[in-house]
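Colleague: Output the structure for:
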Amino acid sequence: MRFFYNISIFFYYLVIRIASFFNPKAVLWLKGRKNVFDRIESAIRTSESKQLIWFHCASLGEFEQGRPLMEKLKKQNPSVKIILTFFSPSGYEIRKNYSGADHIFYLPMDTPSNAKKFIEIVKPEKVFFVKYEFWFNYLNELKRKNIPTYLVSGIFRDDHYFFKSTGAWFRKQLVTFTHFYVQDEKSLTLLNAIGYSNVTLAGDTRFDRVFELASNVKQIDLVKQFAADKTVLIVGSSWKEDEEIISSFKLDHFKLIVAPHEIDKAHLDSIIGRFSAVSVLLYSNATELNIKDANVLVIDNIGMLSSLYQYGTIAFIGGGFGKGIHNILEAATFGLPVIFGPNYKKFTEAKELIKFGGAFSIKDVFEFEKTMQLLSDEQVLKTASMISKMYVKNRIGATDRVLSKVLNP
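Modeller: Numbering: from 1, shown residues only. Take a look at the predicted model:
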C-alpha cells in the first residue's frame, strides 16, 4: 500500500505540473517549492536557537487554528523558534510574512527522500499538524526519529478513509501521532473505536483566536463613519453565487459591506455592476467626504474582514453555494447572526449555531429575504445575536488545554 501511496504523490505532482500551464495557483505551488531545501537549510543554519517547533497547516483556515498555539508558545518561551509550513498557496501567499513564526515555507512534496531530508535539516523538537493534514512519509519519519508529533484541532468523520473497510493501511498510519487533540466528541469516539486511546477532547483553537480578535479589535475609522449607527449587513468571503442573492435584496434602511473572497478587477467590477442602482464605493477610493453617502462599500483588500464585523448587524458568509462556507466564527464572536448557503454540513459550528438559533441556512433568494424579514424583528435579532456571541465565548480554552498537556506530559 505504501508503494501505491507514493505513486499517488507522484501523479499529484504531475497533475500540478500540467495545471501550471493555465492555473495561476499551480504556478505559485511550483514556484514556492523551487530550491526550497536550500532556503530551509540556510534559514535553519542561521537560527539562534536549537529549540525549534514545527507547525504544518494545509491552508489559511488551518493556520488560524494553529496561530493561537504558536503565539502562546512564543509568549511562554520567547527563545523558541517556530517553523511554519503550508501545503497550499492560499495559505502561504497570504501569511508568508506572519511575524509569529521565525521561518515560513511551502512543505516539500511528501516523498520518502523529501521527508527524511526535511527532518534532518530542521530537527524539530516537537511537531504540530493542524486539523486533518496526513502526510504519511513525514509522519513515519517523525515516528522513526521519536519526535513527538501532535494533531491539534483534529476532526474526523465517518466517511474518512480511516474508517472504511478498505482503510486498514491508513488506520495503521495513525500510530505515528503521539497524541490527538480533537474538536468534538464524535472524533474522539471514532478514534477510540479503531483502537486509539491517546485522544483528548480539547475543542477548536479557532474559538480562542476569534475571541481574542474581538477583545483586541482595531478601529477602522472610515468604516465606522460608513456604518454610523445604521443597520449593516456584512457579506464576508463572497462568491458570485452569494452576490447574486445579496444583490436581489432591497437595502432600504440597510447599508451593505461586501468583502469578496477574490479581489481581481473583473470580480470587483461585477459586484459594482450588481449594485448600480445605489451608491457603490470601493474601500480604496473611500474618503471622509464620500464614505457617508455610499450605500454599498466594497472591500478591495485582503486581511480586513475580521475587523469589519464589529460594525455589522447581520453577517452573510460566502461559500455555501460552492465547496463549503468560510469562517463564520469571526462574525459570531461579535454577536452577529450568521446567514449562509446550503453547503455547511461538514462544519460543526454551523450545524450547532443553526440548532441554537444563531445561524440560518438559505437555499435561494426567497429564503434569504424571508430570513432577513425574520431578523428585522428587534427581539429576534437581539436573541440571535446573544446566541452567536455566547456560543463562541463558551468554547474558548482549547489552546491552554493542548499546551498544558504537551508542555507538561
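Colleague: so how far is stretch 230-246 off the chain centroid?
Modeller: Stretch 230-246 has its average C-alpha position 19 Å from the chain's average C-alpha position, going by C-alpha atoms, centre = their mean, to the nearest Å.
Colleague: Next, the distance between the ends of it.
Modeller: With C-alpha to C-alpha, to the nearest Å as the measure, the ends of stretch 230-246 fall 18 Å from one another.
Colleague: what's the answer for stretch 214-227, then?
Modeller: Looking at stretch 214-227, the gap from its leading to its trailing residue is 18 Å under the measure C-alpha to C-alpha.
Colleague: Leaving out chain neighbours, which residue sits closest to the residue most central in space within the chain?
Modeller: Geometric centre of the chain, nearest residue: Gly61, 1.3 Å, by C-alpha atoms, centre = their mean. Distances taken as C-beta to C-beta, 6 or more residues apart in numbering put Asn327 closest to Gly61, at 6.8 Å, once the chain neighbours are dropped. C-beta here means a position set from N, CA and C on the backbone, and glycine is covered the same way.
Colleague: sorry, back to before: what's the distance between the residue nearest to the centre of the chain and Arg209?
Modeller: With the distance defined as C-beta to C-beta, to the nearest Å, Gly61 ends up 11 Å from Arg209.
Colleague: same thing with Val278?
Modeller: With distances defined as C-beta to C-beta, the gap from Val278 to Arg209 amounts to 35 Å.
Colleague: More neighbours: the two, which one.
Modeller: Relative neighbour count places Arg209 above the other of Val278 and Arg209, with 26 against 12, counting by other C-beta atoms under 10 Å.
Colleague: Once you drop chain neighbours, what's closest to the more buried one?
Modeller: That would be Pro68: by C-beta to C-beta, 6+ apart, it lies 4.9 Å from Arg209.
Colleague: Following the helix or strand harbouring that neighbour in sequence, what is the next regular element?
Modeller: Assigning secondary structure by DSSP states H and E places Pro68 in helix 60-76. From helix 60-76 onward toward the C-terminus, using DSSP H and E, the following helix or strand is strand 81-86.
Colleague: Extract the CA atoms of that next one and return them as PDB.
Modeller: Output in PDB follows, covering the C-alpha atoms of strand 81-86 (Å, rounded to 0.1, in the frame of the first residue of the first chain):
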ATOM      1  CA  LYS A  81      11.900  29.200  17.200                       C
ATOM      2  CA  ILE A  82       8.900  28.200  15.000                       C
ATOM      3  CA  ILE A  83       9.000  26.900  11.500                       C
ATOM      4  CA  LEU A  84       5.600  27.100   9.800                       C
ATOM      5  CA  THR A  85       4.900  25.200   6.600                       C
ATOM      6  CA  PHE A  86       1.900  25.400   4.200                       C
END
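Colleague: Show me what the helix or strand following that strand packs onto, helices and strands only.
Modeller: Of the helices and strands lying after strand 81-86 in sequence (DSSP H and E), the nearest is helix 89-95. Identification of packing neighbours for helix 89-95 by 3 or more C-beta pairs under 8 Å, 6 or more residues apart in numbering; DSSP states H and E yields helix 24-33, helix 60-76, strand 81-86, strand 103-106.
Colleague: what sits up against the shortest one?
Modeller: Contact partners of strand 103-106, identified using C-beta atoms under 8 Å, 6 or more residues apart in numbering, comprise 29, 32-33, 36, 39-40, 43-44, 47, 81-87, 92, 95-98.
Colleague: next one: that strand to chain centre, how far?
Modeller: For strand 103-106 - counting by C-alpha atoms, centre = their mean - the centre lies 18 Å from the chain centre.
Colleague: So for it, mean pLDDT?
Modeller: Averaging the model's pLDDT scores along strand 103-106 yields 97.
Colleague: quick one: Phe55 is in a strand?
Modeller: Yes - secondary structure assignment (DSSP: H, G, I helix; E, B strand; the rest coil) places Phe55 inside a strand.
Colleague: Settle this for me: it is touching Lys131, isn't it.
Modeller: No - applying C-beta atoms under 8 Å, one finds Phe55 not in contact with Lys131, separated by 11.6 Å.
Colleague: hang on, the earlier thing: for the residue nearest to Gly61, which residues are in contact?
Modeller: Applying C-beta under 8 Å, 6+ apart, the residues near Asn327 are Gly61, Glu64, Arg206, Val210, Gly236, Ser237, Ile317.
Colleague: How about the secondary structure of it?
Modeller: coil.
Colleague: Any figure for the gap between the residue of the chain most remote from its centre and Leu281?
Modeller: Of all residues in the chain, Leu289 sits farthest from the chain's C-alpha centroid, using C-alpha atoms, centre = their mean; the distance is 35.5 Å. With distances taken as C-beta to C-beta, Leu289 is found 11 Å from Leu281.
Colleague: Grab the nearest non-local neighbour of Phe134.
Modeller: Residue nearest to Phe134 in three dimensions, not counting chain neighbours: Gln173, with 7.1 Å by C-beta to C-beta, 6+ apart.
Colleague: Show me what the mean pLDDT comes to for the helix or strand containing the one you found.
Modeller: Assigned by DSSP H and E, Gln173 belongs to helix 168-173. Confidence over helix 168-173 (mean pLDDT, whole number) is 94.
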